[in-house]
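Visitor: below is the sequence, then the predicted model.
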Amino acid sequence: MSWWDIVLGKVNVGNVLNTPGKGMEALNARIFTIGQKNSTIMYVRSGKSTIPLEKKRFDTIEEAFQQNPKLYLFVAALRDVPALPGSADELIRKAMGSELATGNYVCSMLEHCGLVKYEMRGTKKVIVLPKMS
């Protein structure tokens, strides 16, 4: 089952989630709400904005981990600045041909669904695959 399908099954319209925030304590985490969703796109509401999250955004991260299970991706996503090199946001922006900063939302939902977990690499939060027992 694709990660997108898992997210669609576990994240429901009206759910309130948090962006990853800084550090393991998730300082400065912001809430966002799941809006509409269908088989190809979902929308999240953050502040006064509605942000589209197409399936391809999730597929991009899943494919990166399929190619390299030891991969780690920074979760930082800031609008109006270049994406952090080595971040989920950078991969998504390149795949989508867009400068829309959505890596935080994608990482949050993947972590919420247990598909990735947060770790720290120095002072930066990253996503990695959970260790299999």
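Guide: That came in fine, so what should we check first? Predicted model only: the values in this text are computed from it and were never measured.

Visitor: can you map out the strands along this protein?
Guide: Assignment of strands within the chain using DSSP state E yields the ranges 16-18, 31-37, 41-46, 49-54, 73-74, 117-121, 124-128.

Visitor: strands paired with the third one, and their directions?
Guide: Read it as strand 41-46. Within its sheet, strand 41-46 is paired with strand 31-37 (antiparallel), strand 49-54 (antiparallel), according to DSSP bridges.

Visitor: hmm, who's touching the longest one?
Guide: Where contact means Cβ atoms under 8 Å, 6 or more residues apart in numbering, the residues beyond strand 31-37 that reach it are 8, 11-19, 42-46, 50-51, 105, 108. No exception for glycine: its C-beta is placed from N, CA and C like everyone else's.

Visitor: narrow these to just the buried residues.
Guide: 8, 11, 17, 19, 42-44, 51, 105, 108 (16 or more other Cβ atoms under 10 Å).

Visitor: quick check: the two most widely separated of these?
Guide: Using Cβ to Cβ, the buried ones among the contacts of strand 31-37 reach their maximum pairwise distance at Leu8 and Thr19, which is 19.8 Å.
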